[in-house]
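# Fold the following and give me the result.
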Amino acid sequence: MKKFASIAVAMGLVASFAATASADEVSGTTTTVTGNTYGGKFETVITQADIKPATPMIILTKATPFHLSMDSMTPAGWLSAQTIDTTGAVKTDSWGNEWREIYTWLGTAWIKVPASAYVITPAM
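The predicted structure follows:
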């Protein structure tokens, strides 16, 4: 262990000497910059047309089934308690249940929003 500590200290000293040597000023050379390539007019990369409004998020508080379509009675899978992103599509079925289209590992799917979930709608 003592040898390891000695080697580590020696490496640290060598590194500090190298850093000091590389920080020395170089004399005898002068460089003049005549043109400024960054002084031109600022060009906007992202335009107003590129900005899309955020979609609502849903906070699930319990396991929730998701379906590949609203009409499907058999769930394609289950989502655990988590926050999920939606596509923004919302539909209401004939019983008054709210369905939202979401992103899953299988692509887009639909969930019937449970009463225990929280829907966070972003401010516009």
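
# May I see the buried residues of the biggest strand by length in the chain?
Identified as the longest strand of the chain according to DSSP state E is strand 83-92. Neighbour counts over strand 83-92 (16 or more other Cβ atoms under 10 Å) mark 84, 86 as buried. Every residue, glycine included, has its C-beta placed from N, CA and C.

# residues in contact with that strand?
If you take Cβ atoms under 8 Å, 6 or more residues apart in numbering as the criterion, strand 83-92 is touched by 55-60, 70, 98-103, 108, 111.

# now swap in stretch 62-76 and tell me
Stretch 62-76 has contacts (Cβ under 8 Å, 6+ apart) with 77-81, 91, 93, 99, 102, 104, 106, 109-112, 114, 116-117.

# low-scoring pLDDT stretches of the protein, where are they?
For the chain, applying pLDDT under 70 flags the ranges 1-5, 8, 12-40, 124.

# What segments of it are helices?
For the chain, helices defined by DSSP state H occupy the ranges 2-22.

# what residue is smack in the middle of it?
For the chain, the residue nearest the mean C-alpha position is residue 85 (12.3 Å; Cα atoms, centre = their mean).

# could you measure residue 49 against residue 88, distance?
18 Å (Cβ to Cβ, to the nearest Å).

# I meant to write residue 9 there.
Applying Cβ to Cβ to residue 9 and residue 88 gives a distance of 61 Å.

# likewise residue 63?
Distance from residue 63 to residue 88, by Cβ to Cβ: 24 Å.

# For stretch 107-123, list every residue counted as buried.
109-113, 117.

# In strands, which of those residues fall?
109-112.

# out of the residues you listed, who's nearest residue 122?
Nearest to residue 122 out of those is residue 111 (Cβ to Cβ; 18.8 Å).
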